[in-house]
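Colleague: give me the fold of what follows.
(2 chains)
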Number of protein chains: 2
Amino acid sequence: MNTEGLLAQRIVNIKSSAIRELLKHSKMEQVISLAGGIPSDALFDFEGLSIATQQAISEQPKSAFQYGLTEGSPLLRERICALCQQRGVFAQPDDVLITAGSQQALDLVMRALVNPGDLFVVERPTYLAALQTLELAEANILSVGSDSDGMRVDELEQLLKTHKIKGVYVVPNFGNPSGLTLSLERREQLVKLAVEHNFLIIEDDPYGELRFSDERHTTLYQVSQQLFGHCENIIYTSSFSKILAPGLRLGWAILPPFLLQKVAIIKQAADLHASALSQSIVECYLGLDRLPAQIEKIRAVYRQKCQILADLLQQQLGDVISFDMPKGGMFLWVRFRQPFNATEWLQETLKQGVVFVPGEYFFAEQPDRSTFRLSFATASEAQMQEAVARLRRAL
Amino acid sequence: MNTEGLLAQRIVNIKSSAIRELLKHSKMEQVISLAGGIPSDALFDFEGLSIATQQAISEQPKSAFQYGLTEGSPLLRERICALCQQRGVFAQPDDVLITAGSQQALDLVMRALVNPGDLFVVERPTYLAALQTLELAEANILSVGSDSDGMRVDELEQLLKTHKIKGVYVVPNFGNPSGLTLSLERREQLVKLAVEHNFLIIEDDPYGELRFSDERHTTLYQVSQQLFGHCENIIYTSSFSKILAPGLRLGWAILPPFLLQKVAIIKQAADLHASALSQSIVECYLGLDRLPAQIEKIRAVYRQKCQILADLLQQQLGDVISFDMPKGGMFLWVRFRQPFNATEWLQETLKQGVVFVPGEYFFAEQPDRSTFRLSFATASEAQMQEAVARLRRAL
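Modeller: Reported below is the predicted structural model:
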């Protein structure tokens, strides 16, 4: 068969995710992985999930196994609103679209917004799979740098003087891969720019609950409400993947009304609706009121693991690398003090039996190859000790 | 906020599904719905689903709740192959991509194949949500008619003399909405055309197991294998929605290798993977070997219900309508003997308390407004009697 010309342009040049390929290595025996973006299943609340599952299939079997509404279960949309309120996101159930993880929310929103060639701005570095959704939508991706206060909103402001953009994608809390948190001042500045220049902000917040201190960061959604009395420029996305269980594939988007209706039409064509069973289970789980304790548990463990990994890196590699200490999340973003190609180095560390994600994959442009991402979520303390020793040996 | 120009062109002109709007009416009390495309949950194997769910969450909780592979669970891909073999689809596990219902398979495939303006051919009438995926991909949709032997492949042949097409979408078994089955001769002709003219066929087969007789129809996949020794031009899609439970959102596509890799990349950006819990449950369910009996049960009930509805229509409305008796599936496709606008008539039947789907929505072009679709899957015998009496009164 002549396959020439049969594929759509949007997919011809897209490569498989580097992380996807790396994860194959990470399944090899003896290899310690600090590469994955997966939560620790040692922390999953299997007991609570089991109770919720029993409840879902015994008390509401028809809802769990029959077709449902595209926007999602009404009760779950209500419960998500209650959850969001604690985060300073005051939305109504009608503003919520339930999706197959926040990943799907990103893809649906890009499809609803982006014409080929439209300008969309991301941070350097940024979430790899957000870049993929932008590439599939054939966006023209621009980027601005970041520092220890998160995205360089001043760079965005400069860029807006000469460019008309469709939107900005940002992870304000404990970014993936950067671990960075956007300062309040920059949050305000970013929202003001969105309103002034009439673009949309995708506020992607999968990690916000995983904070290591008790300080809550004001959401862009809330900033917009406070400054302008509306949130029309904000799309807030989040997920149950990092706080409950990713295998359920359940996340959500909070959208301005003009967009929700359109995104729901795309969602309907994309998969009709998110798993009704997953929705019933999470609905029941939230009813059990176990989530707050579950989040506390995850926070405490990740905080401790982050500290352990940071200390090990400091002790054993502090002469050659540096990093900002994250305030939450799952990732340490590391930079070599001298120019050094982390992608090439990975071949050496693989021989020693440790895998990470080279930083260059997280850049839409101007990749900083002296960087790499380590996850502290899944490895044990002993594994982290051994991994860092192996990294040292691979130098 | 000025929303002008913020939406992508692909979504600006798409309307919400008519069926979606209709289903709101169908939830009204006193209204009998023959509109939905949903299976009867009275027939769901709740006992088997419950056993499989228990098994999934007790025996393999980590697989059920953690992230999984984009292509799907290896064991489930194997079991789907075994299922497909009985249908004459001889594929390998590596050829299978597990999706969120076959709906997602359609959407992913269209995104992988269709550039804006590419020609894609469907039947008149055809599955509404397939049209939506084509519209979102900005295909130029052409159509060919159908008769009691299914799609008019001779019309396609004519069309190919002057048009270079990307693909054909067809439901060969008990089509939605037509209920029609493609004859073997036309299946062969269609596959030959695909190979000769180098286009792809999407063989969408959600209803194939719901046959009313013991006659199995040879799949296009098998026809291609027999005629050419390969299936490179065939994308076979199917689903657990009509034979097990749609709320799990689980279907699959069998794809030629050059396409599977690309579709998996899109799938990864779209939602990472299908619900791991749903996959574990179906894996366990298939292991219980209850599916064959379950399918037998559904077939028997639907066959009987189809006959009841057909008899009622014949008796009470036979003077004004006609229809082909379907050989399986969930739908009766009805045509007025004289020109008559079924969409307008719906307003009358709603006053009488019965809802159906007007035929015009199933046409990409040249809508036949004298047609409408009735589902016999969910209504009881008493409801069907009352519904047909109401239809009579609404005339």
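Colleague: element containing A:V388, please.
Modeller: In this assignment (DSSP states H and E), A:V388 forms part of helix A:381-394.
Colleague: and that helix, what does it pack onto?
Modeller: On a contact count with 3 or more Cβ pairs under 8 Å, 6 or more residues apart in numbering or on different chains; DSSP states H and E, helix A:381-394 meets strand A:32-33, helix A:291-317, helix A:342-352, strand A:354-355. For glycine as for every other residue, the C-beta is placed from the backbone atoms N, C-alpha and C.
Colleague: tell me which of those is the most buried.
Modeller: strand A:354-355 (a mean of 25; mean count of other Cβ atoms under 10 Å in any protein chain shown).
Colleague: circling back to that earlier point, buried ones in the helix holding A:V388?
Modeller: Buried residues in helix A:381-394, counted by 16 or more other Cβ atoms under 10 Å in any protein chain shown: A:M384, A:Q385, A:E386, A:A387, A:V388, A:R390, A:L391, A:A394.
Colleague: just stretch A:34-43 next, same as before
Modeller: For stretch A:34-43, a neighbour-count test (16+ other Cβ under 10 Å) marks A:L34, A:A35, A:G36, A:G37, A:I38, A:P39, A:S40, A:D41 as buried.
Colleague: which parts of the stretch 251-395 of chain A sit against chain B?
Modeller: Within the stretch 251-395 of chain A, the positions near chain B by Cβ under 8 Å from any Cβ of the partner chain are A:256, A:258-259, A:261-262, A:264-266, A:268-278, A:281.
Colleague: which stretches of the stretch 151-300 of chain A form strands?
Modeller: For the stretch 151-300 of chain A, the strands defined by DSSP state E, counting those that start in this stretch cover A:167-170, A:200-204, A:234-239, A:251-254.
Colleague: would you format these as CSV with mean neighbour count and mean pLDDT included?
Modeller: CSV is the format used below for these (neighbours: other Cβ atoms under 10 Å in any protein chain shown; pLDDT from 0 to 100):
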stretch, mean neighbour count, mean pLDDT
strand A:167-170, 27, 98
strand A:200-204, 27, 98
strand A:234-239, 26, 98
strand A:251-254, 26, 98
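Colleague: now these in CSV, with distance to A:R299?
Modeller: Output for the strands of the stretch 151-300 of chain A, formatted as CSV (distance: least, Cβ to Cβ, whole Å):
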stretch, distance to A:R299
strand A:167-170, 22
strand A:200-204, 19
strand A:234-239, 16
strand A:251-254, 20
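Colleague: quick one: closest of the ones you listed to B:V89.
Modeller: Closest to B:V89 of the strands of the stretch 151-300 of chain A is strand A:251-254 (Cβ to Cβ; 33.3 Å).
Colleague: chain center to that closest one, what's the gap?
Modeller: 12 Å (Cα atoms, centre = their mean, to the nearest Å).
Colleague: which strands border that strand, and is each parallel or antiparallel?
Modeller: strand A:96-99 (antiparallel), strand A:234-239 (antiparallel) (DSSP bridges).
Colleague: moving C-terminal from the first one, which element do we reach first?
Modeller: For strand A:96-99, the succeeding helix or strand toward the C-terminus, using DSSP H and E, is helix A:101-113.
Colleague: take that next one, keep the C-alpha atoms, and write them as PDB.
Modeller: What follows is helix A:101-113, C-alpha atoms only, in PDB (Å, rounded to 0.1, in the frame of the first residue of the first chain):
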ATOM      1  CA  GLY A 101      -8.000  13.500  33.000                       C
ATOM      2  CA  SER A 102      -6.900  17.100  32.700                       C
ATOM      3  CA  GLN A 103      -4.900  16.000  29.700                       C
ATOM      4  CA  GLN A 104      -8.200  15.700  27.700                       C
ATOM      5  CA  ALA A 105      -9.300  19.100  28.900                       C
ATOM      6  CA  LEU A 106      -6.100  20.600  27.400                       C
ATOM      7  CA  ASP A 107      -6.600  18.800  24.100                       C
ATOM      8  CA  LEU A 108     -10.300  19.700  23.800                       C
ATOM      9  CA  VAL A 109      -9.600  23.400  24.700                       C
ATOM     10  CA  MET A 110      -6.800  23.600  22.100                       C
ATOM     11  CA  ARG A 111      -9.200  22.100  19.500                       C
ATOM     12  CA  ALA A 112     -11.800  24.700  20.400                       C
ATOM     13  CA  LEU A 113      -9.500  27.700  20.300                       C
END
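Colleague: right, and A:P246 touches B:Y67 too?
Modeller: Yes. A:P246 sits in contact with B:Y67 when judged by Cβ atoms under 8 Å, with a separation of 4.6 Å.
Colleague: now do the shared contacts for the two.
Modeller: Residues within reach of A:P246 and of B:Y67 at once, by Cβ atoms under 8 Å, 6 or more residues apart in numbering or on different chains, are A:I38, B:L272, B:A276.
Colleague: which residues does the residue lying closest to the last one once chain neighbours are set aside contact?
Modeller: Pointing back at B:A276 there. In this structure, B:A276 finds its nearest non-sequential neighbour in A:G247, 3.2 Å apart by Cβ to Cβ, 6 or more residues apart in numbering or on different chains. With contact taken as Cβ under 8 Å, 6+ apart, A:G247 is in contact with B:S63, B:A64, B:F65, B:Q66, B:Y67, B:G68, B:S275, B:A276, B:L277.
Colleague: what about A:A56, how many neighbours?
Modeller: By the measure other Cβ atoms under 10 Å in any protein chain shown, the count of residues near A:A56 is 24.
Colleague: any figure for the gap between A:L312 and chain B?
Modeller: For A:L312, the distance to chain B (Cβ to the nearest Cβ, to the nearest Å) stands at 26 Å.
Colleague: roughly how far apart are A:P257 and A:C231?
Modeller: 11 Å (Cβ to Cβ, to the nearest Å).
Colleague: who has more neighbours, the two?
Modeller: Shown here are A:P257 and A:C231; by other Cβ under 10 Å, A:C231 has more neighbours (26 against 11).
Colleague: one step back: which of the residues of the stretch 251-395 of chain A next to chain B fall in helices?
Modeller: Among those, DSSP state H puts A:258-259, A:261-262, A:264-266, A:268-271, A:276-278, A:281 in helices.
Colleague: which one of the residues you listed sits closest to A:D149?
Modeller: Closest to A:D149, out of all of these and judged by Cβ to Cβ, is A:L259, at 28.9 Å.
Colleague: check contacts around that closest one.
Modeller: Applying Cβ under 8 Å, 6+ apart, we find A:L259 in contact with A:V109, A:A112, A:L113, A:L200, A:I235, B:L6, B:L7.
Colleague: what's the neighbour count on A:G318?
Modeller: If we define neighbours as other Cβ under 10 Å, then A:G318 has 13 of them.
Colleague: phi and psi next, for it.
Modeller: Dihedral pair for A:G318: phi -60, psi -20, per degrees, to the nearest 10.
Colleague: lowest-pLDDT helix or strand in chain A?
Modeller: helix A:18-26 (a mean of 65; mean pLDDT, DSSP states H and E).
Colleague: not counting its neighbours along the chain, what's nearest the spatially most central residue of chain A?
Modeller: The residue lying closest to the centre of chain A (Cα atoms, centre = their mean) is A:P206, at 5.0 Å. In space, and not counting its chain neighbours, A:P206 is closest to A:S239: 4.7 Å by Cβ to Cβ, 6+ apart.
Colleague: is that neighbour bridged to anything, and to what?
Modeller: A:G251.
Colleague: roughly how far apart are it and A:S322?
Modeller: Taking Cβ to Cβ, one finds A:S239 at 30 Å from A:S322.
Colleague: how about A:V121?
Modeller: Applying Cβ to Cβ, the value for A:V121 to A:S322 is 27 Å.
Colleague: looking at the two, which one has more neighbours?
Modeller: A:V121 (26 against 13).
Colleague: now the host helix or strand of A:Q54: buried residues?
Modeller: Assigned by DSSP H and E, A:Q54 belongs to helix A:46-59. For helix A:46-59, the neighbour count (16+ other Cβ under 10 Å) marks A:F46, A:G48, A:L49, A:S50, A:I51, A:A52, A:T53, A:Q54, A:Q55, A:A56, A:I57 as buried.
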